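>>> I would like to see how this sequence folds:
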Amino acid sequence: MRPRSPAPVLAVSAALALTACGGASEGSPAPSSEAPAPEAASPARGALAARAALAMDKAYAALYSFDDGRGEPRNVVATVGKDGTWRVDVSGGALGGTTDVSIVSTPAGVYQCTLGSQSNPIASTCAKVAKPGKRVPADYDPPVERLFRQWLTVFTDRQAGLAVTEVQPLSGAKGSCFSIDSISASLADPVDIGVYCYAEDGVLTAARVGFGVVKLVSQIDGPATVPLPGPETGSPMGIDGLPPVPEPSLPTPSA
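Sure, this is the predicted structure:
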């Protein structure tokens, strides 16, 4: 049921150096165990923040190819409404690649929705998986939708622990590309580290991260709002595979 698209991590590490001279003397400040401060603002950091700020206010609908290295590239459709609602459809994004899935964000929360196709003509249904603006739990996360909306607020935050360098565009990508890495090895990465490319209007044109590569194929203007594709009912689907089939119970032999 997975429609296939014929369409077709680079990271720069930054470290904060700490120097210690001799033993601690009376009156010397005690070593700090706090996380290192973010790097000073750089032209690349400012350029990324500017593109991300534009992206936060941009309404669009775009088709992407998504290559996770496990077969032919799949289709991904990202839709952002003028009111800030959004939806990302991922071909073969659930149940071990057997079912199309959509992640939708509305003022009521974040939902995982099933999607029908020609090979799997099911009715769409949705299940709430997170509160508004929160991250989708890993069990239900495709996770390609994070590239389009979730990290924008981090990219615009000058205090976030990121190292940003402007790099050559990814093959076939347009716009400006930025290599993004974390500046702290002791903390969880604040975003999916890798290379992100943005057009002048803020639309993501390509990204290369640990779970794959997305590239823009086509784009149109976005709608006023993005509704759920189906009613809220049932439970969310797992990402990795089909749930186990229960063993049939055998009749208890009579005495």
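
>>> From now on I want contacts and neighbour counts done on CA atoms only, so please keep to that.
Noted.

>>> for the protein, what are the low-confidence residue spans?
Low-confidence segments of the chain, defined by pLDDT under 70: 1-41, 119, 185-187, 241-255.

>>> can you give me the strands for it?
Applying DSSP state E to the chain gives strands spanning 60-67, 74-80, 86-94, 99-106, 109-115, 126-130, 162-167, 176-182, 194-198, 204-209, 212-221.

>>> So which elements touch the second one?
Using 3 or more CA pairs under 8 Å, 6 or more residues apart in numbering; DSSP states H and E as the contact definition, the elements that strand 74-80 packs against are strand 60-67, strand 86-94.

>>> returning to what we had before: dump the strands of the chain to JSON lines, plus distance to residue 153.
Supplementary listing: those in JSON lines, determined by distance: least, CA to CA, whole Å:
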{"stretch": "strand 60-67", "distance to residue 153": "18"}
{"stretch": "strand 74-80", "distance to residue 153": "15"}
{"stretch": "strand 86-94", "distance to residue 153": "15"}
{"stretch": "strand 99-106", "distance to residue 153": "15"}
{"stretch": "strand 109-115", "distance to residue 153": "17"}
{"stretch": "strand 126-130", "distance to residue 153": "18"}
{"stretch": "strand 162-167", "distance to residue 153": "13"}
{"stretch": "strand 176-182", "distance to residue 153": "14"}
{"stretch": "strand 194-198", "distance to residue 153": "14"}
{"stretch": "strand 204-209", "distance to residue 153": "14"}
{"stretch": "strand 212-221", "distance to residue 153": "20"}
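
>>> neighbours around residue 118, how many?
Residue 118 has 9 neighbouring residues, counting by other CA atoms under 10 Å.

>>> For it, give its distance to residue 227.
Residue 118 sits 22 Å away from residue 227, going by CA to CA, to the nearest Å.

>>> and if you look at residue 95?
Taken as CA to CA, the span from residue 95 to residue 227 is 24 Å.

>>> try residue 71
Per CA to CA, residue 71 is found 31 Å from residue 227.

>>> nearest spatial neighbour of residue 162, skipping sequence neighbours?
Spatial nearest neighbour of residue 162, excluding adjacent residues (CA to CA, 6 or more residues apart in numbering): residue 182 at 4.7 Å.
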